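take this sequence and fold it.
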Amino acid sequence: MTLSPAFEAAAEAAVHRLGPGHLRVLADRLGDGWPEQALRQAVPVAGFAEAAGPLLAAQRASGVSAVEAAAYLRGLADGHAQRSAAVRIESVWSGPSSHPVPVRATAQVLVELVAEARRELLLMTYSARQYQPLLTALAAAVARGVRVTVVVETVDGAGGALQGTEPAAAFASVAGLKLWQWPKKQRVEDHAKMHAKIAVGDRRVLLVSSANLTQSGVSRNIEAGLLVRGGTAPQRAAEHIAELQSRGVLTRLRPAGQGW
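Numbers count the residues shown, from 1 in each chain. Just a heads-up that it's a prediction; the model follows:
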């Protein structure tokens, strides 16, 4: 089967955004002859229509038949599912190293994860301070077209547990980065905190750590985490964040003038 490069590129982008399972559903519906509007809603989850749209447009523009497109998408989904089944997990540490037991350093892993991202990057942190290697990597990611989302706690939301400037201010130098928060009005319990510390790259790599996005967190403190490549955990984490955004549990955080 010979297909256009434009369609193949759109299909590759779609499988990374949708995952193999959802792409297979789209392929089955396409092969069954569903109309385009129904195809965009084939899986009722946040972001599906936005990911399916460019693929369907590429199929239409390239003149690829629905039967050919469906067959190609099924094969692509199966291939990615097989690769995703191979899960690799590494321990990640901040703080002093122990030479007899080599481990990955949080600062290095975090910057590498950001540098590897090509489509989507999600970060969550409780506290944040300017850490230049991370900011440089984030700016480069935005410049190459990566959608960068950072969810932070706020001083108000922390209820006195955070002092000084807003965590969001640590990212003020990165133009194009989207900041989100968990508003206090969305918290069922009065003292609930936005305490997650994770990073997800392209829904394929997940870093879960005790480290905040600060110099102390990623290098000086003793902090521990796990880096997960493959499997369903990275995609599920990204989907959970997207669902919280779509339901309004997480909302956009915008600066007031030059402050936060």
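
the longest helix in this structure is where?
helix 66-84 (DSSP state H).

can you give me the buried ones in the helix or strand harbouring L110?
Using DSSP states H and E, L110 sits in helix 106-116. Of the residues in helix 106-116, 106-107, 109-111, 113-114 count as buried by neighbour count, 16 or more other Cβ atoms under 10 Å. (Each C-beta comes from the backbone N, C-alpha and C, glycine too.)

hang on, the earlier thing: name the residues of the longest helix of the chain that are buried.
Buried, per 16+ other Cβ under 10 Å, within helix 66-84: 66, 68-70, 72-74, 76-77, 80-81, 84.

can you give me the strands for the stretch 1-150 of the chain?
88-94, 104-105, 120-125, 147-152 (DSSP state E, counting those that start in this stretch).

can you redo the ones you listed as CSV with mean neighbour count, distance to Q37 and mean pLDDT?
Output for the strands of the stretch 1-150 of the chain, formatted as CSV (neighbours: other Cβ atoms under 10 Å; distance: least, Cβ to Cβ, whole Å; pLDDT from 0 to 100):
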stretch, mean neighbour count, distance to Q37, mean pLDDT
strand 88-94, 16, 40, 92
strand 104-105, 15, 46, 88
strand 120-125, 24, 25, 97
strand 147-152, 22, 25, 97
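
ok, which of the ones you listed comes nearest S216?
When these are compared by Cβ to Cβ, strand 88-94 sits nearest S216, at 8.4 Å.

other residues contacting the closest one?
With Cβ atoms under 8 Å, 6 or more residues apart in numbering as the test, strand 88-94 has contacts from 103-107, 109, 207, 209, 211, 217-230.

give the buried subset of these as a PyMOL selection command.
PyMOL command restricting the contacts of strand 88-94 to the buried ones, with burial defined by 16+ other Cβ under 10 Å:
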select buried, resi 106+107+109+207+209+211+217+218+219+223+225+227+228+229+230
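
outside of the helix holding L110, which residues touch it?
By Cβ under 8 Å, 6+ apart, helix 106-116 touches 90, 92-94, 121, 131, 133-134, 137-138, 140-141, 199, 201-202, 205, 207, 209, 211, 213, 217-219, 223, 225, 227.

now the angle from it to strand 147-152?
150 degrees (axes from the mean of the first three to the mean of the last three Cα atoms, to 10 degrees).

I appreciate the help and will end here.
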